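A.B. asks: build the 3D model from these lines:
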Amino acid sequence: MKDIEASLSALRDRIREAELAAGRPAGSVGLIAVSKTQPAEAIAEAYRLGQRDFGENYLQEALSKQEPLSEPDLVWHFIGPIQSNKTKPLAQHFHWVHSVDRGKIAERLSEQRPAALPPLNVLIQVNVSGEASKSGVEPDQAGELAAAIAELPRLKLRGLMAIPEPTDDVQSQRRSFRTLRQTLERLNLAGVDQLSMGMSHDLEAAILEGATLVRVGTAVFGPRQTSR
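C.D. replies: From the prediction side, this is the model:
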């Protein structure tokens, strides 16, 4: 658990330095601690150290952690692929869903969001690298999906998300993130201003290109656990 404290401190320093390098104010970039395959105890320790936003990729694993973690200001983000038959628990148990990539999924999330809860915050996943294996709409299709989501009463469109093809080349990283930022700018929708992009290896490039949320797992919790 001491490792989490040191890791979070170092990561927050990285984010602050990247904000400064980009000429952006401190605190303009939010951190989502990606806790997939990590135990609930690790999340509880990060929470004790001030972390509030946590990202999960696997639904059943996430639900098993949510039960013992009942702090009212803990915010759950779903960042993995969405199966149509899993939308109901997503709508019921998460605050944000980052990986909406088709109208059918959006409709189901809206229909299944409990009336007692505020509208579900959603982001459209965009395939900025053109990889056949990746989920996400093409950049020029994001506007159509955004318009469809805007008509759904139990969803609140907040922005865009991307998982670019991994590369160590900083200029290639920036090009992918720039594509997402430019796609958001073309939408030009009031209140739709979040860019969920950047992970442990490329968050500096993402922040230079306008990321408002970075999703970081290994640099917070260490290596992934081997079973889930």
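A.B. asks: so where's the protein uncertain?
C.D. replies: Per-residue confidence for the chain (pLDDT under 70) gives these ranges: 1-2, 226-228.
A.B. asks: what segments of it are strands?
C.D. replies: 30-34, 53-56, 75-78, 96-100, 120-125, 155-161, 194-196, 213-216 (DSSP state E).
A.B. asks: and the angle for the longest one with strand 120-125?
C.D. replies: The reference is to strand 155-161. 30 degrees (axes from the mean of the first three to the mean of the last three Cα atoms, to 10 degrees).
A.B. asks: same check on the fourth one?
C.D. replies: Our comparison of strand 96-100 with strand 120-125, counting by the same axes, to 10 degrees, yields an angle of 30 degrees.
A.B. asks: okay, the angle between strand 96-100 and strand 30-34?
C.D. replies: 80 degrees.
A.B. asks: by contact count, what packs against strand 96-100?
C.D. replies: Contact analysis of strand 96-100 by 3 or more Cβ pairs under 8 Å, 6 or more residues apart in numbering; DSSP states H and E lists strand 75-78, helix 103-112, strand 120-125, strand 155-161 as its packing neighbours. Yep, even glycine has a C-beta here, placed from its N, CA and C like the rest.
A.B. asks: take the ones you listed and write them to a markdown table, including distance to residue 84 and mean neighbour count.
C.D. replies: Compiled in a markdown table, the helices and strands packed on strand 96-100 are given as follows (distance: least, Cβ to Cβ, whole Å; neighbours: other Cβ atoms under 10 Å):
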| stretch | distance to residue 84 | mean neighbour count |
| --- | --- | --- |
| strand 75-78 | 14 | 22 |
| helix 103-112 | 6 | 18 |
| strand 120-125 | 15 | 25 |
| strand 155-161 | 16 | 23 |
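A.B. asks: rewinding a little: can I get the strands of the chain in a markdown table including distance to residue 167?
C.D. replies: Below are these laid out as a markdown table (distance: least, Cβ to Cβ, whole Å):
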| stretch | distance to residue 167 |
| --- | --- |
| strand 30-34 | 19 |
| strand 53-56 | 22 |
| strand 75-78 | 24 |
| strand 96-100 | 21 |
| strand 120-125 | 19 |
| strand 155-161 | 18 |
| strand 194-196 | 19 |
| strand 213-216 | 17 |
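A.B. asks: please name whichever of those strands is nearest to residue 3.
C.D. replies: Closest to residue 3 of the strands of the chain is strand 30-34 (Cβ to Cβ; 13.5 Å).
A.B. asks: which helices and strands does the closest one pack with?
C.D. replies: Contacts defined by 3+ Cβ pairs under 8 Å, 6+ apart place strand 30-34 against helix 2-21, strand 53-56, strand 213-216, helix 218-221.
A.B. asks: contacts for that strand?
C.D. replies: If you take Cβ atoms under 8 Å, 6 or more residues apart in numbering as the criterion, strand 30-34 is touched by 8, 11-12, 15, 43, 46, 51, 53-57, 77, 79, 196, 199, 212-217, 220-221.
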